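Participant: Here is the input, now give the coordinates:
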Amino acid sequence: MADDLRTRESVRRKVLWTLSHLMPGDPQAAAILNVLDDIEDQERVDLNQSHRHVDIDAVRKVVLIERHSSGINIVDEASIPQPWRERFLQANIGSTRLIDGPYAHDWEKFLALWQAEMQHLDAHMSARRERQR
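Facilitator: Coordinates of the predicted model:
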């Protein structure tokens with residue numbers, strides 16, 4: 001299941017990045033939105049099996065930020081619930097971090113960008129619904 005989650009979030013990350021370059025209503029977005037619909041369907045099945053869903057506000061509250069001995073705030077990676085941990089890891093591939101955990105500012109940046117991406121995705125979904133009328 002961990003490999004399925006990693007693969008799903010890797011694909012989601014790639015298609016969200018691709019979608020970010022398109023304006024809502026762009027015909028090129030149709031195939032990307034279909035991929036995201038499939039990912040959402042897969043996620044719904046996984047969440048029904050595990051009986052848990054944590055939204056972004058709840059994630060913000062449960063993730064532990066710690067002061068590292070270096071004086072830098074880091075995230076206790078184990079406190080990030082799935083699928084959010086995998087989403088964060090996929091979004092931060094190649095980022096620097098301490099051995100003890102990722103930088104807290106990277107976590108905050110990820111959450112802010114995720115919200116912006118979801119707003120952009122909502123705009124695309126609205127445009128698709130309008131075109132289908």
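Participant: Going by C-alpha atoms from here, please, whenever you check contacts or count neighbours.
Facilitator: Will do.
Participant: Distance check, Ala31 against Asp55.
Facilitator: Using Cα to Cα, to the nearest Å, Ala31 is found at 26 Å from Asp55.
Participant: same thing with Phe88?
Facilitator: 14 Å.
Participant: Enumerate every residue touching the residue nearest to the spatial centre of the chain.
Facilitator: Closest to where the C-alpha atoms of the chain average out (Cα atoms, centre = their mean) is Arg87, at 4.2 Å. Applying Cα atoms under 8 Å, 6 or more residues apart in numbering to Arg87 gives the contacts 9-10, 13.
Participant: Quick check: it is in a strand.
Facilitator: No - with DSSP: H, G, I helix; E, B strand; the rest coil as the criterion, Arg87 is helix rather than part of a strand.
Participant: ok, it to His68 distance?
Facilitator: 23 Å.
Participant: and what of Val75?
Facilitator: With distances taken as Cα to Cα, Val75 is found 9 Å from His68.
Participant: can you check Ala31 too?
Facilitator: In terms of Cα to Cα, Ala31 sits 44 Å off from His68.
Participant: With neighbour numbers in mind, choose between these two.
Facilitator: His68 (14 against 11; other Cα atoms under 10 Å).
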